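In: Predicted model, plus sequence, below.
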Amino acid sequence: MAHKYKAIVMGCSAGGLSLMKELLPALPSDFTLPIIIVQHISANSDNIWVHLLNTMSRLHIKEINEKDLIQPGNVYVAPPNYHVLVENDETFSLSVDEKVNYARPSIDVLFESASHVYKDQLIGIVFTGSNHDGAAGLRKIKEGGGLTIVQEPSTAEYSSMPLAAIAATKTDHILPLEKIIPLLINLSNPIHP
Amino acid sequence: MPSLPIVNSESSDIEINLLLEAIYQKYGYDFRQYSEAHIRRRLTNRLMLSGLSSISEIQHNVLHDPVFASQLLQDLSITVTEMFRDPPFYKYIRENVIPILKTYSFIKIWHAGCSTGEEVYSMAILLKEEGLYERSTIYATDFNEFALDKAREGIYAAEIMKEYTSNYQQAGGKKSFSDYFIADYDMAIMDQSLKKRVVWANHNLVTDSVFAEMNMILCRNVLIYFNRDLQNRVQKLFFDSLTNGGILALGSKESLRFSTLEDHYQELDKKYRVFKKKY
């Protein structure tokens, strides 16, 4: 048994918290692909939503610590005020470098570094948001042979971010959230040789 | 001609390793144990700005063009900082660490990786307001000579002072923040008296040795850029530089959890990552 994909990266901004509340509890306990999330949030937030969602979900949802090893069955969330990068050895690095697209954490920073490591074994998703962060990162994922998914703009609470992502690259799937969920569950199933 | 077997498919990773080796051999600055993803991001940015086509070209320029080399050193060093960064941290220091420092007749503080100095002035202000400044010495160090020059000058953009004022107030500041600088057009010049007890020095955490007998070491958001081996080296350096009972303050996402020295410290605060070296 093998997986075509090794990880999923997700980016969301305005409207992202309620979306995550719908998405993450809907994933089954045997969902194997690690999920890495950048949600734009105030620098002073205590990220309490991560703990709340953890209690609502069958997966283990946690805020990222530097050097954490990326492992199946986990959902990793960027800490407020830090960029998240993926290293070649599949651990996380954090950085306080200048904001990218007015954001720290930035979706582009995560997507670009994850694409370098996972290449065509990466799935990238851009969800609701009112800026254009994630567009350049999603293009990088596409160039690296990864799978690109964008929330259908008309169904997103804020459509600018999905629209910018669609404009930036060829998107493999443009879908409302209720169709993204079964797609992810399907992609997470091991391939039987 | 038969094609060669590929051992490592990522040419850019190889190029980056060679570039870091070249910088080390030629200039003595050692970035070889920095986070690879961070270095790659910085180099990719430089590549786009410079119009060069590959990391190997960067390497050629670094070896033959001192101006380009010095620009690249700035790219690779960590210079993001602000005054009273994480205001609640400074409030915590004021309320919980200052009382410890007050018990000493003379206080030595090492600010490691101080960059352009914003946090050094913050600490100087805090010590002043707590009546400790005159018996303190702050050793402010960085390997980046440009950043250090800027720190010594103590001149910042007036515009950003508004943000710092808010930080200062949240950090429990006791006076008016504008008492600590003179605004001159678009510049804010820090009060000269804040520099009186500061010793600015070039020191490289990667290659240099201990700074002895410190009562407190601040090094926030520097270790996150290092790989685990280098983190351990620097943690050892800090441990050897602290007096017994000395305070170590790290960044909010930094810890001693992978360090063999963890047991030799008492955690004073989990959230603000403040530790006390055991007696």
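Out: Yep, it's here.

In: While we're on B:Asp13, how confident is the model there?
Out: Per-residue confidence (pLDDT) for B:Asp13: 91.

In: correct me, but it touches B:Glu36?
Out: Yes. Contact between B:Asp13 and B:Glu36 holds when scored by CB atoms under 8 Å: they sit 7.5 Å apart. C-betas here are computed from N, CA, C, even on glycine.

In: who touches both of these two?
Out: With contacts defined as CB atoms under 8 Å, 6 or more residues apart in numbering or on different chains, the residues shared by B:Asp13 and B:Glu36 are A:Asn88.

In: what's the closest non-adjacent residue to the closest residue to chain A within the stretch 51-200 of chain B?
Out: Across the stretch 51-200 of chain B, the shortest distance to chain A (CB to the nearest CB) belongs to B:Val80, at 5.2 Å. Nearest in space to B:Val80, with sequence neighbours left out and distances taken as CB to CB, 6 or more residues apart in numbering or on different chains, is A:Val96 at 5.2 Å.

In: before we move on, what about B:Asp184?
Out: Distances taken as CB to CB, 6+ apart place B:Ala158 nearest to B:Asp184, at 7.8 Å, with adjacent residues excluded.

In: More neighbours: B:Asp13 and B:Glu36, which one.
Out: Under the criterion of other CB atoms under 10 Å in any protein chain shown, the comparison of B:Asp13 against B:Glu36 puts B:Glu36 first, with 23 against 15.

In: can you pull the contacts of the residue nearest to B:Val80?
Out: Taking CB under 8 Å, 6+ apart, one finds A:Asn81, A:Tyr82, A:His83, A:Arg104, B:Ile78, B:Val80, B:Asn221, B:Ile224, B:Gly251 in contact with A:Val96.

In: so the second one touches A:Ser95, yeah?
Out: Yes. If you go by CB under 8 Å, A:Tyr82 and A:Ser95 touch, sitting 6.6 Å apart.

In: what about B:Thr207, neighbour count?
Out: Neighbourhood size, B:Thr207 [other CB under 10 Å]: 12.

In: whoops, I mixed them up, A:Val84
Out: Around A:Val84 sit 28 other residues, with neighbours defined as other CB under 10 Å.

In: Assign it to helix, strand or coil.
Out: Here A:Val84 takes the strand state, with states given by DSSP: H, G, I helix; E, B strand; the rest coil.

In: Contact partners for it?
Out: For A:Val84, the contacting residues are A:Ile36, A:Val38, A:Ile64, A:Tyr76, A:Ala78, A:Phe92, A:Ser93, A:Leu94, A:Pro105, A:Val109, A:Leu110, taking CB under 8 Å, 6+ apart as the criterion.

In: which residues does it form a beta bridge with?
Out: When bridges are assigned using DSSP bridges, the partners listed for A:Val84 are A:Leu94.

In: what's the spacing between it and A:Ser95?
Out: A:Val84 sits 8 Å away from A:Ser95, going by CB to CB, to the nearest Å.

In: shared neighbours, those two?
Out: Shared between the contact lists of A:Val84 and A:Ser95 (criterion: CB under 8 Å, 6+ apart) are residues A:Val109.

In: who's in contact with the residue lying closest to A:Ala43 once chain neighbours are set aside?
Out: Distance criterion CB to CB, 6+ apart; nearest residue to A:Ala43, sequence neighbours excluded, is A:Asn81 at 4.0 Å. With contact set as CB under 8 Å, 6+ apart, A:Asn81 has these partners: A:Ala43, A:Asn44, A:Val96, A:Arg104, A:Pro105.

In: From those residues, pick the one nearest chain B.
Out: A:Val96 (4.7 Å).

In: Provide the backbone phi and psi angles at that closest one.
Out: Its backbone dihedrals place A:Val96 at phi -110, psi 20, with angles given as degrees, to the nearest 10.

In: How about the one 5 residues further on?
Out: Torsion angles at A:Asn101 (phi, psi; degrees, to the nearest 10) stand at phi 50, psi 40.

In: what's the neighbour count on it?
Out: 20.

In: ditto for B:Ala158
Out: When neighbours are defined as other CB under 10 Å, B:Ala158 has 16 of them.

In: Isn't it up against B:Asp186?
Out: Yes. With contacts counted by CB under 8 Å, B:Ala158 reaches B:Asp186, the gap being 5.0 Å.

In: quick one: pLDDT of residue 77?
Out: All of this refers to chain A. 97.

In: nope, chain B please
Out: B:Ser77 is assigned 88 on the pLDDT scale.

In: mind listing what it touches?
Out: B:Ser115, B:Asp142, B:Phe143, B:Asn144, B:Ala147.

In: Among those, which one has the most neighbours?
Out: B:Asp142 (28 neighbours).

In: residues contacting it?
Out: Shown in contact with B:Asp142 (CB under 8 Å, 6+ apart): B:Ser77, B:Gly113, B:Cys114, B:Ser115, B:Leu148, B:Ala151, B:Asn202, B:His203.

In: Same question for A:Lys62.
Out: When contacts are counted by CB under 8 Å, 6+ apart, A:Lys62 touches A:Val50, A:Asn54, A:Asn74, A:Val75, A:Tyr76, A:Val77.

In: Same question for A:Ile125.
Out: Remark: with contacts taken as CB under 8 Å, 6+ apart, A:Ile125 is in contact with A:Ile8, A:Val9, A:Met10, A:Gly11, A:Thr148, A:Ile149, A:Val150, A:Gln151, A:Ile180.

In: Go ahead and measure how far the helix or strand hosting it is from the middle of the chain.
Out: A:Ile125 belongs to strand A:122-126 when assigned by DSSP states H and E. Here the centre of mass of C-alpha atoms in strand A:122-126, compared against the chain's by CA atoms, centre = their mean, to the nearest Å, lies 6 Å away.

In: Show the subsequent helix or strand relative to that strand.
Out: Heading towards the C-terminus - elements assigned by DSSP H and E - strand A:122-126 is followed by helix A:135-143.

In: Need the CA coordinates for that next one. CSV is fine.
Out: Coordinates of the C-alpha atoms in helix A:135-143 are reproduced here as CSV (Å, rounded to 0.1, in the frame of the first residue of the first chain):
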residue,chain,number,x,y,z
ALA,A,135,-1.8,32.7,-4.8
ALA,A,136,2.0,32.7,-5.4
GLY,A,137,2.4,29.6,-3.2
LEU,A,138,-0.3,27.7,-5.0
ARG,A,139,1.4,28.4,-8.3
LYS,A,140,4.6,27.0,-6.9
ILE,A,141,2.8,23.9,-5.8
LYS,A,142,1.4,23.5,-9.3
GLU,A,143,4.8,24.0,-10.9
